[in-house]
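Enquirer: Quick one: sequence and predicted model below, then my questions.
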Amino acid sequence: MRRRAGGAAGASPPNSRVHGIRDGYNRGVAALRSLRALVPALLAIACGACPSGRPGGDEPVQFAPPGAPDPLACASDAACVAGPLVDPNNGCCDSGVALGVFNKDYLEWRATWVREQCREVKCPPQPPPAPPMACALEGRCVSGRCQHRCPPPGPPFVAERTTLPAEVARAVGRSEDPVPWSPSAVDLDAADRLLVACVPTLEPAVADHAEARSKIVAGLAEYRRQFVPFRDSQGHRLLWINLFRDRAGDHHPDWRTELVSVRGGGHGYFSILVDLDGGRCSDLRINSPR
């Protein structure tokens, strides 16, 4: 049988074989990249039972696949350091919404894991984490678990309160284009605790109102609260709080749905702005006596 020039009978020309090898290689690379892109989804399935917190469920849910160090285990305060909260279903990407206190070995393990496993993963853009209170980034080891140093929340406040629409923020000059958000009872409790902590030390907008501030502090629990929730340009959850005293309950009968705004009244009327995400208060304004 006669052979065709360039090779054995029925064989492909050399150039065709080269192209075939190259195409196969390219398909293999593409498949590998696709598999790497699936890493977060595969980990989400594998980590359905990953450790996620203290007994009772009050620990942050942190990415921790089998074989990873426990994110919160510790033997001393030095083992607990500040780090990002990681999406539990996607170990390649930070959540972008929170910082916390975690085991130092875990944070080092996760940094190495990201370098090795996440080269081809594109994390979605996230807003920067909201600046927490300083105590939230100070670690301590309690019963073998990393915790922050912030004091535990107190009991819910019993002061009367209501929530008004975000548009009120425009009416009182706090935002030209208020973006609303919906606070829960827990959010309002947190704002009340910040209020109680801030008012005794926050300088009033008018310097000669310091004496009025002392009277406010003495009877703060007697003030009714009107909360106006909106977000600032950084996305922080703000609450403008309008407070007033009305012991008889007949001066402002529609206070639960209508903004209370009066001239004068002295320390019986004041307002303050609370940044719930930043853990800060500002703009303490107390009415003039007349």
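Expert: Nice, thanks for sending it over.
Enquirer: for the helix or strand where W109 lies, which positions count as buried?
Expert: Of the helices and strands defined by DSSP states H and E, W109 is found in helix 104-117. Judged by neighbour count using 16 or more other Cβ atoms under 10 Å, the buried positions of helix 104-117 are K104, Y106, L107, W109, R110, W113, V114. From N, CA and C alone the C-beta is placed, and that goes for glycine too.
Enquirer: surely the first one meets C80?
Expert: Yes - using Cβ atoms under 8 Å, K104 is in contact with C80, at 7.3 Å.
Enquirer: how does this protein divide up, domain by domain?
Expert: What automatic domain parsing lists as the domains of the chain is 61-148, 161-286.
Enquirer: now these in TSV, with mean pLDDT?
Expert: Supplementary listing: those in TSV, determined by pLDDT from 0 to 100:
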stretch	mean pLDDT
domain 61-148	83
domain 161-286	89
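Enquirer: What is the burial count for G144?
Expert: Neighbour count for G144, taken as other Cβ atoms under 10 Å: 11.
Enquirer: And it, how close does it get to P84?
Expert: Here the criterion is Cβ to Cβ, to the nearest Å. By it, G144 lies 22 Å from P84.
Enquirer: got it, and G91?
Expert: Taking Cβ to Cβ as the criterion, G91 is separated from P84 by 11 Å.
Enquirer: ok, these two, which is more surrounded?
Expert: For G91 versus P84, the count of surrounding residues by other Cβ under 10 Å is larger for G91: 25 against 18.
Enquirer: List the buried residues of stretch 71-79.
Expert: Buried residues in stretch 71-79, counting neighbours by 16+ other Cβ under 10 Å, are found at P71, L72, A73, C74, A79.
Enquirer: I meant stretch 235-255, not that one.
Expert: 236-246, 252, 255.
Enquirer: pull the CA atoms of it into PDB?
Expert: Provided in PDB are the C-alpha atoms of stretch 235-255 (Å, rounded to 0.1, in the frame of the first residue of the first chain):
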ATOM      1  CA  GLY A 235     -24.300  54.200  54.000                       C
ATOM      2  CA  HIS A 236     -24.200  54.400  57.800                       C
ATOM      3  CA  ARG A 237     -27.500  54.000  59.600                       C
ATOM      4  CA  LEU A 238     -28.300  57.300  61.300                       C
ATOM      5  CA  LEU A 239     -31.100  58.100  63.700                       C
ATOM      6  CA  TRP A 240     -32.100  61.700  64.400                       C
ATOM      7  CA  ILE A 241     -33.800  61.600  67.700                       C
ATOM      8  CA  ASN A 242     -36.300  64.200  68.800                       C
ATOM      9  CA  LEU A 243     -37.000  64.200  72.500                       C
ATOM     10  CA  PHE A 244     -39.500  66.000  74.700                       C
ATOM     11  CA  ARG A 245     -41.100  65.800  78.100                       C
ATOM     12  CA  ASP A 246     -44.900  65.700  78.400                       C
ATOM     13  CA  ARG A 247     -45.800  64.200  81.700                       C
ATOM     14  CA  ALA A 248     -49.600  64.700  81.400                       C
ATOM     15  CA  GLY A 249     -49.600  63.400  77.800                       C
ATOM     16  CA  ASP A 250     -51.900  66.200  76.500                       C
ATOM     17  CA  HIS A 251     -49.500  68.700  75.000                       C
ATOM     18  CA  HIS A 252     -48.700  66.700  71.900                       C
ATOM     19  CA  PRO A 253     -51.500  64.100  71.500                       C
ATOM     20  CA  ASP A 254     -50.400  63.200  67.900                       C
ATOM     21  CA  TRP A 255     -46.700  62.700  68.800                       C
END
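Enquirer: If anything else comes up later, I'll come back, but that's it for now.
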